[in-house]
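Peer 1: With the sequence up front, the predicted model follows.
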Amino acid sequence: MRIDVHHHHKKAGENLAFVFFMNLAFNIIVIAGGLATNSMAILADCIHDLSDTISIAFAWFLERIAQRDSTDNYSYGYQRFSILGAVIISIFVIIMALIILQEAIPRLFAPESVDAGGMLMVAIVGIVFKMISVHRLYGGETFNEKAILFHQLGDVFEWVAILILSVVLMFWDGAPYLDPFVSIGIALWLIVNLGRNLYKSVEVLLQKTPNHFDVEEFKGNVLKTEGVEGIGDFHVWSLDGIDSVLTLKVVVGDSANQDNIKKEIYSIASKYHIVDITIEFD
C-alpha cells in the first residue's frame, strides 16, 4: 500500500522560499555594515550570510524536487532529495564556520578598532530579519528546514551578541578583542548543532531504523492480531527522516483471514508515519 504524502515538503518549500528572499535582502545590509564598521564579527557574518543565502536556495530547490511523484527511475519518489540537501547544507555551513574560526582567531591577538555605533544599528536590523525567519521555520518537519533553522538561530544569537558587544565597546575602548571572541563562540555553536543534524541525516541515508519507530512495540501489536503466528523478514527505513517504508513477512494459520490481517497492520502502521507497506504471507 502506498500513501501519497508530499504536504510537509510543499510547506517546507514555501517556508524556505520566504527565508531565502529575507536573507537575500539582508545580505546587502550586512555587506554595507561590515565595510562601514570594520567589525570582524560583522565582516565574518558577510561570509556567513552569503552561505545562508546559497544554502537556503539549494534547500528550497531540493524541497521542490522532493514534491515530485514517483517515476520508473525513482519508484519511491524524490523525497530523499530533501535529506540529501540537509547533508550537503550541513557540511557547507560547517565549512563556513571553520572559515570564520580561521579569520577570527588571529584577531584575538591583533584586535582592531571598530565602529560600535554602526555595529549597534546593523545588529538591531539583523535580529529583526533573523527572528522573522526563525518564526517561519519553527516547527518545520523536514531535516532541510531543521538545518536552516539551526543556521538562522545561530544568526540570531550572533546578532544579539554583536548588539551586546557594540554597547560594551561604546563604553569600554579596551575590549576590541571581544569582537573576534563573539565570532568564535557562534562558529563553535554552529559546528556542534549542524554536526548533530548531519549525523542524523546520514543515518537516514544509511537506512537506519527511524528513531521514532519502536520495532518491538510494532511487532508486539502485530502478533496480537488474530490469525498471526509469527513475523519474518522485517525491514523499516525512512525516506526523508519523516515518512517511512515497511516490508514484512507474516506467518499465518491456514484459516486466517488475510484481508483482515492486512487492515489491522495498516491501522497499526498509521501511527508511525509509514507511507508504503509491503506485506507477504507465509
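Peer 2: Structure received. For clarity, every value in this text was computed on a predicted model and none was experimentally measured.
Peer 1: can we go C-alpha only for contacts and neighbour counts from here?
Peer 2: Fine.
Peer 1: next structured bit after the helix or strand harbouring residue 107?
Peer 2: Using DSSP states H and E, residue 107 sits within helix 80-109. Moving toward the C-terminus from helix 80-109, the next helix or strand (DSSP H and E) is helix 116-137.
Peer 1: For that next one, output the C-alpha coordinates as PDB.
Peer 2: The C-alpha trace of helix 116-137 is given here as PDB (Å, rounded to 0.1, in the frame of the first residue of the first chain):
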ATOM      1  CA  ALA A 116      30.500  50.500  17.800                       C
ATOM      2  CA  GLY A 117      27.600  52.700  16.900                       C
ATOM      3  CA  GLY A 118      27.400  51.300  13.400                       C
ATOM      4  CA  MET A 119      27.600  47.800  14.800                       C
ATOM      5  CA  LEU A 120      24.600  48.500  17.000                       C
ATOM      6  CA  MET A 121      22.400  49.600  14.200                       C
ATOM      7  CA  VAL A 122      23.300  46.700  12.000                       C
ATOM      8  CA  ALA A 123      22.800  44.300  14.900                       C
ATOM      9  CA  ILE A 124      19.200  45.600  15.500                       C
ATOM     10  CA  VAL A 125      18.300  45.100  11.900                       C
ATOM     11  CA  GLY A 126      19.900  41.700  11.900                       C
ATOM     12  CA  ILE A 127      17.900  40.500  14.900                       C
ATOM     13  CA  VAL A 128      14.600  41.600  13.300                       C
ATOM     14  CA  PHE A 129      15.300  39.900  10.000                       C
ATOM     15  CA  LYS A 130      16.600  36.700  11.500                       C
ATOM     16  CA  MET A 131      13.800  36.400  14.100                       C
ATOM     17  CA  ILE A 132      11.200  36.600  11.300                       C
ATOM     18  CA  SER A 133      13.000  33.800   9.500                       C
ATOM     19  CA  VAL A 134      13.200  31.700  12.700                       C
ATOM     20  CA  HIS A 135       9.500  32.200  13.300                       C
ATOM     21  CA  ARG A 136       8.700  31.000   9.800                       C
ATOM     22  CA  LEU A 137      10.800  27.800  10.100                       C
END
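Peer 1: Packing partners of that helix?
Peer 2: Judged by 3 or more CA pairs under 8 Å, 6 or more residues apart in numbering; DSSP states H and E, helix 116-137 is in contact with helix 7-37, helix 143-171.
Peer 1: please redo it, this time with the cut-off set to 10 Å
Peer 2: helix 7-37, helix 40-66, helix 143-171 (3 or more CA pairs under 10 Å, 6 or more residues apart in numbering; DSSP states H and E).
Peer 1: List the contacts of residue 230.
Peer 2: 219, 222-224, 249-253, 282 (CA atoms under 10 Å, 6 or more residues apart in numbering).
Peer 1: Find the least confident helix or strand in the chain, judged by mean pLDDT.
Peer 2: Taking mean pLDDT, DSSP states H and E as the measure, the chain has helix 40-66 as its least confident helix or strand, at a mean of 69.
Peer 1: Which one, of the helices and strands packed on helix 116-137, ends up nearest to residue 196?
Peer 2: Evaluated over the helices and strands packed on helix 116-137, closeness to residue 196 peaks at helix 143-171, with 9.7 Å, by CA to CA.
Peer 1: Please compute how far that closest one lies from its chain's middle.
Peer 2: 17 Å (CA atoms, centre = their mean, to the nearest Å).
Peer 1: Taking helix 116-137 as reference, get the angle to it.
Peer 2: Helix 143-171 and helix 116-137 are oriented at 160 degrees to each other (axes from the mean of the first three to the mean of the last three CA atoms, to 10 degrees).
Peer 1: got the angle for helix 143-171 vs helix 7-37?
Peer 2: Angle of helix 143-171 versus helix 7-37, following the same axes, to 10 degrees, is 20 degrees.
Peer 1: list the buried ones in helix 143-171?
Peer 2: 143-163, 165-166, 168-169 (16 or more other CA atoms under 10 Å).
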